[in-house]
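# Starting from these lines, generate the structure:
(one chain, ligands or ions: 1)
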Amino acid sequence: MDNRSDIWRGVDTIKARFIDLSDKVWGTPEVCYTEARSAAEHLAELRHQGFRITENVAGIPTALMGEWGEGGPVIAFMGEYDALPGLSQEAGVAEHRPVETGGHGHGCGHNLLGSAALLAATAVKDWLAANKVPGRVRYYGCPAEEGGAAKAFMVRSGAFEDADIAITWHPHSFWEVAVTPSLANTRADFIFTGRTSHAAASPHLGRSALDAVELMNVGVNYMREHMPSDARVHYALLDTGGIAPNVVQAHARVRYSIRARDLPGMNELVGRVSKIAEGAALMTETKVEMKIISAVSNILPNTPLEQALHRVMEELGPPHFDDADKGFATQIRSTLSDKDIASVYYAIGMEQTDRPLADFLVPLDAKRNPLVGSTDVGDVSWVVPTVQVHAPTVAIGTPFHTWQVVAQGKSPHAHKAMVQAAKAMAGLGIKALTEPELIKAAKADLQKRTTKTPYVCPLPDHVEPPLNMSVA
Ligand SMILES: Nc1ccc(C(=O)N[C@@H](CCC(=O)O)C(=O)O)cc1
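Residues are numbered from 1 along each chain as shown. Here you go, the predicted model:
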């Protein structure tokens, strides 16, 4: 029985609909928790394919799940479809050309991400149907990855409770198994309240919330030297108290993102930042309230799944790029700095090449130098054995969250990489369905990693999905 070439032929047979889906979602970029049209497109495709549908997962209007099959193991494919603010950009050009000033754009490639995950789920469904094998395949449509932590809320609601393994992917410079753990991350707002006053006639009666924010930021800047070197703390000013210098600012708000290697480390840092906020309030005689917006866990690796996925990707091979693909990628490459390109090679620990697109598999044991962000895939990885593919949707060195990612989001090379990602994911799905010892080993690995440090959801109980976070 040659399961893998069957499933790969299956992906090729149906891929056109999913490439269309990706292009459609690219054209309706919607930011955290506002993904109404993108979610509706995914839902329509799930219905068309005959999946059983659950809407409103975890009480989130743009979170959804489709399931197909009976009995057997539950294979979960996770997709995303949120865009980023301010990254509007025309497709297929190698210069910065916004479609709409200030508009959104798919600067992290989530149009491809969701569509390829749904393509993999559909191909596995078709394979289950054709082979009459017991098993259930699911597609989880997950919104708001870019700071909304939707998957953490979905995990907390129990949505992943009976999944046996979870498979996903992310657009990338390279073709590899994603083995670098991500950082745990909490987003918290610090809301300062002071007292307004005439800044010249009665300054002594005013207490400035804006001063408090500035002092807090200075305090945190001093803390940075005395935290673990892989921790990260950054902030955005959400409210500076108004536009009048002659009115003492009675309100101000700063949003912090506090990241660390693991949850205990992150919680410790959140505690230190909150002490600094209290110190700033004390110094300025203002009040401060801390409000957690969302939080995600670090990713737990899963060695058996990583090894199995690597074998599938070796067998499958990288996407085949033609001269036209390489030509456009070369144009994009000319808009990048040497440092952009050096940085991604440094991260995978490999010698730099002149290739515009990755046509090789990064070894599983490459001497990587992790340079990482955070993702809500982390929370899933603590409750279900999870693994991720990286597929080369962009010219090597393209930094994420840039117009260059948006510009490449509908290109033939991105489509090829998305299809290859779907094949790798579906191939692993079939392997798990036909080799019960893989799921057993994956679960044992998760069990081992969480025995001493069980999963504790980083979201405080009272924190609800921040559905309004994108509304100014
Ligand atoms: N394979 C990737 C996964 C996540 C991201 C990313 O940029 N994530 C955001 C999300 C932050 C969060 O979820 O807390 C970040 O790190 O700022 C980028 C590539």
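# pLDDT weak spots in the chain?
1-2, 472 (pLDDT under 70).
# Show me how it divides into domains.
3-182+299-452, 184-295 (the TED database).
# how close does Thr375 get to the ligand?
Separation of Thr375 from the ligand (C-beta to the nearest ligand atom, to the nearest Å) stands at 4 Å. From N, CA and C alone the C-beta is placed, and that goes for glycine too.
# And for Lys15?
22 Å.
# count of residues packed around the closest residue to the ligand within the chain?
Per C-beta to the nearest ligand atom, the residue of the chain with the smallest distance to the ligand is Gly373, at 2.5 Å. Residues lying near Gly373 (other C-beta atoms under 10 Å) number 14.
# how about the nearest residue to it, chain neighbours excluded?
Excluding its sequence neighbours, the residue lying closest to Gly373 (C-beta to C-beta, 6 or more residues apart in numbering) is Ser182, at 6.3 Å.
# was I right about that neighbour contacting Asn298?
Yes: counting by C-beta atoms under 8 Å, Asn298 is a contact partner of Ser182 at 5.8 Å.
# Which residues are in contact with each of those two?
Counting by C-beta atoms under 8 Å, 6 or more residues apart in numbering, the shared contacts of Ser182 and Asn298 are 374, 378.
# When those two are compared, which one has more neighbours?
Applying other C-beta under 10 Å to Ser182 and Asn298 shows that Asn298 carries more neighbours, namely 25 against 22.
# for that one, phi and psi?
phi -70, psi 160 (degrees, to the nearest 10).
# Thought Leu183 was touching it, still the case?
Yes: using C-beta under 8 Å, Asn298 is in contact with Leu183, at 5.9 Å.
# intersection of neighbour lists for those two?
The contact sets of Asn298 and Leu183 overlap at 261, 374 (C-beta under 8 Å, 6+ apart).
# okay, now Ser38: neighbour count?
Residues lying near Ser38 (other C-beta under 10 Å) number 29.
# Surely it is in a helix?
Yes: under DSSP: H, G, I helix; E, B strand; the rest coil, Ser38 sits within a helix.
# What residue, apart from its backbone neighbours, is nearest it spatially?
Nearest to Ser38 is Tyr81, by C-beta to C-beta, 6+ apart, at 4.0 Å.
# Pull out the buried positions in the helix or strand containing Tyr222.
In this assignment (DSSP states H and E), Tyr222 forms part of helix 209-223. For helix 209-223, burial by neighbour count (16 or more other C-beta atoms under 10 Å) applies to 209-217, 219-220, 223.
# Return the member of those nearest to Ala149.
Nearest to Ala149 among the buried residues of helix 209-223 is Val220, at 21.6 Å by C-beta to C-beta.
# any idea how far Gln388 is from Ile348?
15 Å (C-beta to C-beta, to the nearest Å).
# Same drill for those two, tell me which one is more crowded.
Gln388 (27 against 20).
# Flag every residue of this protein that's near the ligand.
108, 145-147, 149, 170, 185, 296, 373-376, 400 (C-beta under 6 Å from any ligand atom).
# taking these one by one, which sit in strands?
170, 185, 296 (DSSP state E).
# quick one: contacts for the second one?
If you count contacts by C-beta under 8 Å, 6+ apart, Asn185 has them with 257-259, 266, 295-296, 374.
# Make a markdown table from the residues you listed and add neighbour count to it.
Compiled in a markdown table, the contacts of Asn185 are given as follows (neighbours: other C-beta atoms under 10 Å):
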| residue | neighbour count |
| --- | --- |
| Ser257 | 19 |
| Ile258 | 27 |
| Arg259 | 23 |
| Met266 | 24 |
| Ala295 | 26 |
| Val296 | 31 |
| Ser374 | 25 |
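# Which one of those residues is nearest to Lys132?
Nearest to Lys132 among the contacts of Asn185, with distances taken as C-beta to C-beta, is Val296, at 39.0 Å.
# Identify the residues contacting the closest one.
Per C-beta under 8 Å, 6+ apart, neighbours of Val296: 149, 151-152, 184-185, 374-376, 378-379, 458.
# Most neighbours among those residues, which one?
Ranked by neighbour count (other C-beta under 10 Å), the contacts of Val296 have Ala149 at the top, with 32 neighbours.
# Name the nearest residue to it, ignoring sequence neighbours.
Ala149 sits nearest to Ser294 (C-beta to C-beta, 6+ apart), 3.6 Å away.
# State the distance from that neighbour to Lys443.
Taken as C-beta to C-beta, the span from Ser294 to Lys443 is 28 Å.
# Settle it for me: which of these two has more neighbours?
For Ser294 versus Lys443, the count of surrounding residues by other C-beta under 10 Å is larger for Ser294: 25 against 16.
# buried stuff in whichever strand or helix holds that one?
Assigned by DSSP H and E, Ser294 falls within strand 287-296. In terms of neighbour count (16+ other C-beta under 10 Å), strand 287-296 has its buried residues at 288, 292-296.
# Next: stretch 249-264.
249-263.
# for stretch 412-427, same thing?
413-427.
# Can you classify Ala277 by secondary structure?
helix.
# Run a quick neighbour tally on it.
Neighbourhood size, Ala277 [other C-beta under 10 Å]: 25.
# Wait, it touches Val288, no?
Yes: shown here, Ala277 and Val288 form a contact pair, counting by C-beta under 8 Å, at 4.9 Å.
# which neighbours do those two share?
Phe190.
# Can you tell me how far the residue of the chain positioned farthest from its centre is from Asn246?
The centre of the chain is farthest from one residue, Ala201, which by C-alpha atoms, centre = their mean lies 50.6 Å away. Plainly put, Ala201 is 9 Å away from Asn246 if you go by C-beta to C-beta.
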